[in-house]
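> sequence first, predicted coordinates after that:
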Amino acid sequence: MCGIVGYFGPKNGAKIIQEGLAKLSYRGYDSWGIAAKTGETLTIYKQTGDIERGEKLELPSTRVIGHTRWATHGSVTVANAHPHTNESGTIAVVHNGIIENYALLREALIDEDYLFKSQTDTEVIPHLIDYYMKRGQTFAESFSRTLSDLKGSYAILALHADGTLAFARKGSPLCIGIADGEYFISSDIPSFLAHTKNVIHLEDGDSGILDTELTITNYGKPAHRIATPVPWDITIARLGNHKHFMIKEIEEQQRTIPAALNQEHALIEQAVRLIKQTPNLVLAGCGTSYNTCAAAAAHFIAAGKHATPVIGSEFDSAAPLLSEKTLLIAVSQSGETADVLDAVKTAREKGARVIALTNVPSSSLARASDLVIPLGTGPELCVLATKTCTAQLAILTLLALKSAGKDTGTLTQAAASVRAVLEEGKKHAKKLAEQFKDATSLFVLGRGHLRALASEAALKIKEVTYIHAEGIAAGELKHGSIALIEEGTPVIVFGNNETRDLITSNAMEVRARGAIVLGIDSERSPAYDYHIPIPELGEAGQLLQILPVQLLAYELALARGCNPDKPRNLAKSVTVR
Ligand code: M6R
């Protein structure tokens with residue numbers, strides 16, 4: 001939800017910030033803006049729309065901050081786009097997060113004759129800094145005093161016309177990339193990966209100043225933070241020969257699924273020990289991460305382990321069942337999803353242990369957990385979770401099989417089959433997309449652990465194509481949803497040896513009512529109009545079954561003229577409740 005980035009160094013900062021914002025636009029892309037020190041003043045430029053379609057700015061400046069927005073307070077207008085400034089335009093601020101007490105602060109500032117130009121919560125920040133500066137404090141002191149007035153979550157950059165840059169983080173991610181005499185302060189690493197891999201991961205409560213040197217404090221006390229190299233390759237953040245990150249990341253699964261399974265032995269053993277010890281295993285996540293929790297819970301339960309999947313935003317309903325004996329597996333690609341962080345907090349208050357599964361080992365989630373299992377896919381820039389979805393499924397299935405003492409060979413076989421299944425999926429995806437592109441509704445049916453996969457498949461299709469899509473437990477069909485099946489309704493069926501007989505009947509039922517049925521299954525059933533074969537691999541088969549649906553979602557998006565990387569209304573990282 002919003003991305004911010006700042007540059008402090010000798011080069012053309014406006015160009016660097018524009019390129020950096022483009023890499024952060026997965027966090028929000030309804031408007032963008034920059035503030036650059038030009039001479040003795042700040043030049044502000046703001047625009048609605050996606051930065052990648054915005055004009056390239058010619059602004060010679062070595063001190064620049066920028067923002068790409070996902071609207072929360074106030075609609076998508078130039079006035080609401082960041083940066084926001086004080087009245088004289090000497091202080092500019094960009095912000096990711098929510099200032100919960102902004103209404104009170106705004107009223108108090110209006111009483112002091114401050115004029116507001118936007119409906120945002122952020123605009124109180126430059127005015128507050130201005131307020132304290134007018135009472136004799138320096139920019140740095142005023143920034144720090146302002147922070148103590150704010151309630152809520154934030155990552156903030158404030159640029160003064162004298163070129164001083166102030167920053168702070170509390171509850172929203174912020175890191176500093178350091179190169180030779182250059183600093184990049186940003187919500188996420190891909191925005192500066194082309195310039196440096198040397199990164200300081202700021203802690204909650206950290207704030208600081210960049211003028212002649214970099215100073216960092218934590219809640220007012222001096223803090224010593226060390227830059228460490230990130231093992232990411234710059235090509236991961238580039239499109240290369242691909243048209244979109246979505247298809248690039250789908251194809252990367254040939255590498256990322258085996259990598260996710262290739263975890264440090266001791267780490268997996270430790271996680272398995274904790275799982276075996278707990279009588280109450282809870283798995284929590286949101287969106288795709290919830291779907292993978294639900295699929296994994298089915299594996300744990302099948303192996304006789306009590307396991308409950310909980311949607312992050314509904315975690316309070318599970319709270320009465322938590323105790324110090326509970327083990328929470330918190331799953332989040334970004335590690336910054338507010339509802340998952342809240343779930344961890346609740347679990348911790350009850351004395352539970354927490355294992356984090358995340359793609360960002362420096363994330364807030366990782367820091368709040370006892371054990372961190374990295375997804376290891378490298379940055380995922382498309383808003384849709386594809387390679388991180390299968391990395392989660394791979395690791396959770398590995399944990400389920402290992403803690404049940406089962407053989408994990410099927411997972412290795414699945415990893416080795418990714419390329420072939422992608423190739424097979426590609427043969428069908430374009431043709432099917434042409435056939436399904438005008439559908440108004442689409443259904444995905446599964447049974448057992450494939451029910452959760454059906455929800456994931458439907459999520460993938462709806463978020464990128466805007467076709468209404470539902471994942472249904474196939475047995476539930478006759479209890480309502482079958483009323484929506486009509487001539488030509490596409491229905492995807494996930495089958496395997498265990499469920500084929502029953503799911504074939506369900507497929508027959510929808511086909512009898514005019515549905516066009518695509519079976520993704522190890523065997524062809526007479527109920528399938530189209531069939532994409534995948535190897536029969538039991539629990540591990542789901543890693544492969546989702547791949548053709550990801551490809552279909554991509555082709556459907558193209559066929560319907562939708563941008564696969566930036567679906568409307570969505571942001572990749574949901575840091576507000
Ligand atoms: O970063 P997280 O895994 O916590 O994100 C959770 C969801 O916001 C995310 O999976 C979302 O549903 C994706 N758009 C799915 O493709």
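Cool, got the structure.

> tell me which residue of this protein lies closest to the ligand.
Sorted by distance to the ligand under C-beta to the nearest ligand atom, the residues of the chain start with Gly287, at 2.0 Å. For every residue, glycine as well, the C-beta is placed using N, CA and C.

> relative to the whole chain's centre, how far out is stretch 163-171?
The gap between the average C-alpha position of stretch 163-171 and the chain average comes to 23 Å, counting by C-alpha atoms, centre = their mean, to the nearest Å.

> who's in contact with it?
Here stretch 163-171 makes contact (C-beta atoms under 8 Å, 6 or more residues apart in numbering) with 6, 8, 37, 62-63, 65, 97, 139-140, 143, 147, 152-160, 174, 176, 183, 185, 202-211, 364, 575.

> now it: buried residues?
The neighbour-count check on stretch 163-171 (16 or more other C-beta atoms under 10 Å) flags Thr164, Leu165, Ala166, Phe167, Ala168, Arg169, Lys170, Gly171 as buried.

> wait, Gly89 sits on Glu40?
No - contact status for Gly89 versus Glu40: not in contact, 11.2 Å apart, counting by C-beta atoms under 8 Å.

> overlap of the contact sets of these two?
In terms of C-beta under 8 Å, 6+ apart, Gly89 and Glu40 are both contacted by the residues Ala161.

> the ligand contacts on the chain?
Taking C-beta under 6 Å from any ligand atom, the part of the chain that reaches the ligand is made up of 286-289, 332-334, 337, 340, 383-385, 459, 463, 570, 573-574.

> out of these, which sit inside strands?
Ser332 (DSSP state E).

> if we can go back for a sec, any idea which of the buried residues of stretch 163-171 is least confident?
When these are compared on pLDDT, Gly171 comes out least confident, at 87.

> for it, what are phi and psi?
Dihedral angles of Gly171 (phi, psi; degrees, to the nearest 10) stand at phi 80, psi -10.

> bridge partners for it, pull those for me.
Under the criterion DSSP bridges, Gly171 forms beta bridges with Tyr154.

> please parse this protein into its domains.
Using automatic domain parsing, the domains assigned to the chain come out as 3-230, 238-406, 426-564.

> now those domains in JSON lines, with distance to Ser417?
Conversion of these to JSON lines gives the following (distance: least, C-beta to C-beta, whole Å):
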{"stretch": "domain 3-230", "distance to Ser417": "29"}
{"stretch": "domain 238-406", "distance to Ser417": "9"}
{"stretch": "domain 426-564", "distance to Ser417": "5"}
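
> out of these, which is closest to Arg419?
Ranking the domains of the chain by distance to Arg419, with C-beta to C-beta as the measure, places domain 238-406 first at 4.9 Å.

> the closest one - what's its average pLDDT?
Confidence over domain 238-406, taken as the mean pLDDT, stands at 96.

> and if you look at stretch 199-213?
Stretch 199-213 shows a mean pLDDT of 94.

> name the residues of that stretch that are buried.
Under 16+ other C-beta under 10 Å, the buried positions of stretch 199-213 are 199-211.

> now stretch 82-94
Applying a neighbour-count criterion of 16+ other C-beta under 10 Å, the buried positions in stretch 82-94 are His82, Pro83, His84, Thr85, Asn86, Thr90, Ile91, Ala92, Val93, Val94.

> mind listing which of the contacts of stretch 163-171 are in helices?
In this view, those that belong to helices under DSSP state H are Phe139, Ala140, Phe143, Leu147, Ser364.

> wait, isn't the first one in contact with Met133?
Yes - with the criterion set as C-beta under 8 Å, Phe139 and Met133 qualify as a contacting pair; they are 6.4 Å apart.

> what is in contact with these two at once?
Any residue near both Phe139 and Met133 by C-beta under 8 Å, 6+ apart counts here, and that gives Ile91.

> OK, contacts around Ala343?
Contacts for Ala343 (C-beta under 8 Å, 6+ apart) come out as Ala284, Val310, Gly312, Phe315, Leu328, Ala330.

> which one is the fifth one nearest to, not counting chain neighbours?
Closest residue in space to Leu328, ignoring its immediate chain neighbours: Ala347 at 4.3 Å, by C-beta to C-beta, 6 or more residues apart in numbering.

> can I get the one helix or strand the one you found maps to in PDB, CA atoms only?
Ala347 belongs to helix 338-349 when elements are defined using DSSP states H and E. Extracted C-alpha coordinates of helix 338-349, given in PDB (Å, rounded to 0.1, in the frame of the first residue of the first chain):
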ATOM      1  CA  ALA A 338      -1.300  -6.000   8.700                       C
ATOM      2  CA  ASP A 339      -3.800  -8.700   9.500                       C
ATOM      3  CA  VAL A 340      -1.100 -11.400   9.700                       C
ATOM      4  CA  LEU A 341       1.000  -9.200  11.900                       C
ATOM      5  CA  ASP A 342      -2.000  -8.700  14.200                       C
ATOM      6  CA  ALA A 343      -2.500 -12.400  14.300                       C
ATOM      7  CA  VAL A 344       1.100 -12.900  15.400                       C
ATOM      8  CA  LYS A 345       0.700 -10.300  18.100                       C
ATOM      9  CA  THR A 346      -2.500 -12.000  19.400                       C
ATOM     10  CA  ALA A 347      -0.800 -15.400  19.300                       C
ATOM     11  CA  ARG A 348       2.200 -14.100  21.100                       C
ATOM     12  CA  GLU A 349       0.100 -12.500  23.800                       C
END
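
> which of the residues in it are buried?
With the criterion 16+ other C-beta under 10 Å, helix 338-349 contains buried residues Ala338, Asp339, Val340, Leu341, Asp342, Ala343, Val344, Thr346, Ala347, Arg348.

> got the contact list for the nearest residue to the second one once chain neighbours are set aside?
Residue nearest to Asp339 in three dimensions, not counting chain neighbours: Gly312, with 3.4 Å by C-beta to C-beta, 6+ apart. Applying C-beta under 8 Å, 6+ apart, one finds that Gly312 lies in contact with Ala284, Gly285, Cys286, Ser289, Tyr290, Thr337, Asp339, Val340, Asp342, Ala343.
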